[in-house]
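Asks: Structure for this input, please:
(2 chains)
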Amino acid sequence: MGRADAATGYLFIAPQLVGVLVFVIVPVGLAIWYSLNDWNIFTGQLTYVGGGNYQAALDDPALPSVLGATAVFSGGVVALNIVLGLALAVMLNRRFKGAVLFRTLFFSPVVVSVVAWTLVWGFLLQDNGGVNGVLALVGVDGPNWLQNGPTAMVAVTFTQVVRSVGINMVLFLAALQGVPGELYEAARLDGADPRRIFFRITLPLISPTLLLTAIITIVGALQSFAQIAVLTEGGPGLSTTVLVYYVFQQAFSFNDIGYGSTLALMLLTFVMVLTVIQWQLRRKWVFYED
Amino acid sequence: MPTTAKKLVSALALGTFATTAACGGTDAATEDIELRMSVWTSNEDQLALFDSIADAYIADHPEITSITFESLPFEEYNTTLTTQIAGGNAPDLAWMGDLSADLIDSGALVPLTDALEGTEGWDYGDLLPSVTGEFSRDGELYAYPFSNSPFALYVNTDLLAEAGQTFDPAGLTWDKVSEIGAAVHDATGKGGFVVNDFNYSSWNTLATIWTGFGATAWDTDGTECGFTSPEMTEAFTFLHKAIYTDESMPGPGTTADFFAGDAAFAVAQVSRAGNLDGSFAYDIAPLPAGPAGDYSVIGQAGMGVLASSPNAEAATGFLAYLTNPENAAQLAQYFPPPRQSLLTGEALAANNEKFTAEQLQTVVVDQIADAVTLPNHTNPAEIAQKAKTELDAMWAPDADIPGVLASVCSAVDPLLVAK
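Replies: Okay, the predicted model is just below:
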């Protein structure tokens, strides 16, 4: 490659590089620096504390509960999002009257403002709200969804899944439509039942999309903030206080930027480790045609 | 939606702070001064009044070219203000509520006493001692308490009549309010009594009830937790019984907006009267007596000068003008004033369409002198959150009331240090 070609190439990637530098590298560097300091926001005094904030994380009695809630919420969101997204895609991949309408219906929550979406669900999930009103019609005495730990976790997980499952559905639909029809035809001629066809042909051929959706869903779940902030404020107790909400509380409500930065780096590490693990595991279960 | 990336971007935005925040404290400019004041009101009439006072001041002070009132959403006011301070973009003057203790203790506010006492005609002695304490340290005033709004008991007399109940403010007690509230709930399905803005989250508003039981969130030094006191246990036992036994108070997760006609009684500040739209008949009374007798509670707001302002001296001069007796009288039409000379029922009624002079004398003027403020402390957000996390366990039918209150003290004790 000639020098002129290289320069042209660098020019093309320059905007992205500048973006990454300004919005990722520098902030991460600053977060590392802040995590080593105690910062009094009101006086502007920055006091170097070394590993003090990291020790504080180890000693924080609330952190195990927060990490537990993060695992339950993220695990629930990822599992439901992928399973439901795939199931919807498989169902809507057929030609039937109203298929486009249903696709639009399931995708539409994705384009709704997350705060507006969550506010509406906040009203619906009140003790005397719409959800319990519907349940009462069929003789079920619904719980006070947002006021006790387990049902509050179900509520925030459900609202997150319903809102975001449309993205995975669309990605799976695109992948399903890329599977060659002759493979299905050959399998059917060989006597394979639908279950076998799904697990032996469909799933392997859409596995690159499965990897993609797994990564973006996990990252999205770990960064879910508005649902928690609007629906439960992390409560009752700490039952729905996930790590990203805890970071926000520490840094921006309690003005403890140093400790908040430490926790933000912990979250960043989790996201990176999970992504790397999935990327490494892809060799074992992702099928690439080429 | 704040994501990790956005958090880090915020950190980047704050990063300029370290090099800029230390630059304030003295007037860097002697001309072309532009002042900015953060407020949380977006009421056009109130902002117009502030603008008119500012225009009059600028006319006499050519060195000041503009005074801007920056309206920030109330819900995010503290976060926005602290982010501005941290980012080196602090306003010159700011309204403050529960952030005042942190601002004063960290030296972020300019002392005002000498400047106000030294302003001709300001009449410092006119300030009520009961309203300056929250904004003072060691006898020095750091913020002018421009709004001192007592909490009162609003009554939906239509709902009471529908339930065949009557209301007599004389000798009214919390037990009686709960009894009437339960009767209204039984008869109409509406809520009995609500504490406005509590929403099973902002527990500090419950001070409007527990003060009547003789309880306090912490001692006057702010070092000893008061949630395990017998008085606090009695107050929460009353509340728990009202919610789960008498059903006179709507439980958690139930929406009951007094101003929409959903409850018989509401504890709310007098300044909320603007929410009364005439859709039902109402009355207002001082807070009912508790076992400890009569009491009153006020919610306050102050305005102060940020020490980091490069125009702190000019800002202090404007604050002295904004709060002088003449302008304080104008502000009094929206905010119950801290000046004794302005505190009469007739003066307050002149600009109040909701209540008579007699009502305002009873629920505002007669209450302020002996009022206590809502609990406030340094690090208010963390204390509020830690206590809320524990108090969530209180709002269940089978709650262990003394156990929950003990856990509140365990959670907030490490944060309670001397003010």
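Asks: all helices for the stretch 201-350 of chain B, in order.
Replies: Along the stretch 201-350 of chain B, the segments classed as helices by DSSP state H, counting those that start in this stretch run B:207-210, B:230-244, B:312-322, B:325-331, B:345-349.
Asks: Packing partners of the fourth one?
Replies: Taking 3 or more Cβ pairs under 8 Å, 6 or more residues apart in numbering or on different chains; DSSP states H and E as the contact definition, the neighbouring helices and strands of helix B:325-331 are helix B:44-60. The way it works is simple: take the backbone N, C-alpha and C, and place the C-beta from them, glycine included.
Asks: which intervals of the chain have sub-threshold pLDDT?
Replies: If you meant another chain, say so; for now it's chain A. A:1, A:288-290 (pLDDT under 70).
Asks: my bad, chain B
Replies: For chain B, residues meeting the criterion pLDDT under 70 lie at B:1-30, B:351, B:418-419.
Asks: in the strand of greatest length in it, what counts as buried?
Replies: Across chain B, the longest stretch assigned as strand under DSSP state E is strand B:144-156. For strand B:144-156, the neighbour count (16 or more other Cβ atoms under 10 Å in any protein chain shown) marks B:144-156 as buried.
Asks: With mean neighbour count as extra columns, can I get the helices of the stretch 201-350 of chain B in a markdown table?
Replies: Listed next are these as a markdown table, based on neighbours: other Cβ atoms under 10 Å in any protein chain shown:
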| stretch | mean neighbour count |
| --- | --- |
| helix B:207-210 | 26 |
| helix B:230-244 | 19 |
| helix B:312-322 | 22 |
| helix B:325-331 | 17 |
| helix B:345-349 | 18 |
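Asks: tell me the centre residue of chain B?
Replies: Closest residue to the average C-alpha location of chain B: B:Gly299 at 3.3 Å, with Cα atoms, centre = their mean.
Asks: can you tell me which residues contact that one?
Replies: The contact partners of B:Gly299, by Cβ atoms under 8 Å, 6 or more residues apart in numbering or on different chains, come to B:97, B:147, B:149, B:151, B:269, B:373-374.
Asks: at 7 Å what do you get?
Replies: B:149, B:151, B:269, B:374 (Cβ atoms under 7 Å, 6 or more residues apart in numbering or on different chains).
Asks: what sits opposite it in the beta ladder?
Replies: According to DSSP bridges, the partner residues bridging B:Gly299 are B:Ser149.
Asks: how far away is it from chain A?
Replies: 20 Å (Cβ to the nearest Cβ, to the nearest Å).
Asks: same check, this time on B:Ile104
Replies: Distance from B:Ile104 to chain A, by Cβ to the nearest Cβ: 10 Å.
Asks: From B:Ala396, how far off is the closest residue to that residue other than its chain neighbours?
Replies: Of all residues not flanking B:Ile104 in the chain, B:Tyr142 sits nearest, at 4.8 Å (Cβ to Cβ, 6 or more residues apart in numbering or on different chains). Going from B:Tyr142 to B:Ala396 by Cβ to Cβ, to the nearest Å gives 41 Å.
Asks: okay, these two: which has more neighbours?
Replies: When B:Tyr142 is set against B:Ala396 and neighbours are counted by other Cβ atoms under 10 Å in any protein chain shown, the residue ahead is B:Tyr142, at 25 against 18.
Asks: could you pull out the strands for the stretch 201-350 of chain B?
Replies: B:263-269, B:282-286, B:297-305 (DSSP state E, counting those that start in this stretch).
Asks: Now do the contacts for the nearest residue to B:Gly212 once chain neighbours are set aside.
Replies: Residue nearest to B:Gly212 in three dimensions, not counting chain neighbours: B:Gly290, with 2.4 Å by Cβ to Cβ, 6+ apart. Neighbouring residues of B:Gly290 by Cβ under 7 Å, 6+ apart: B:174, B:212-213.
Asks: tell me which residues form a beta bridge with B:Gly290?
Replies: Under the criterion used (DSSP bridges), B:Gly290 bridges to B:Gly293.
Asks: quick revisit: quickly note the distance from the residue nearest to the centre of chain B to B:Arg339.
Replies: 18 Å.
Asks: tell me which of the contacts of B:Gly299 is nearest to chain A?
Replies: Ranked by distance to chain A (Cβ to the nearest Cβ), these are led by B:Leu374 at 18.0 Å.
Asks: you'd agree the closest one is up against B:Asn204?
Replies: Yes: using Cβ atoms under 7 Å, B:Leu374 makes contact with B:Asn204 at a distance of 5.2 Å.
Asks: re earlier: so can I have CSV of the buried residues of strand B:144-156 showing distance to A:Gln160?
Replies: Output for the buried residues of strand B:144-156, formatted as CSV (distance: Cβ to Cβ, whole Å):
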residue, distance to A:Gln160
B:Tyr144, 46
B:Pro145, 44
B:Phe146, 43
B:Ser147, 40
B:Asn148, 43
B:Ser149, 39
B:Pro150, 43
B:Phe151, 38
B:Ala152, 41
B:Leu153, 41
B:Tyr154, 38
B:Val155, 42
B:Asn156, 39
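Asks: And the furthest pair within those?
Replies: Spanning the widest gap among those are B:Tyr144 and B:Asn156, at 35.3 Å by Cβ to Cβ.
Asks: burial measure for residue 281, as a count.
Replies: In the absence of a named chain, chain A is used. Quick note: A:Leu281 (other Cβ under 10 Å) scores 12 neighbours.
Asks: The intended chain is chain B.
Replies: Using other Cβ under 10 Å: B:Ala281 sits among 12 other residues.
Asks: ok, it - contacts?
Replies: B:157-158.
Asks: hang on, isn't B:Ala143 packed against B:Phe135?
Replies: Yes: look at B:Ala143 against B:Phe135 with Cβ under 7 Å: they come within range, at 4.0 Å.
Asks: Quick check: neighbours shared by the two?
Replies: Common neighbours of B:Ala143 and B:Phe135 (Cβ under 7 Å, 6+ apart) are B:100, B:302.
Asks: A:Phe107 is nearest to which of the helices of the stretch 201-350 of chain B?
Replies: Taking the helices of the stretch 201-350 of chain B one by one with Cβ to Cβ, helix B:230-244 is closest: 42.1 Å.
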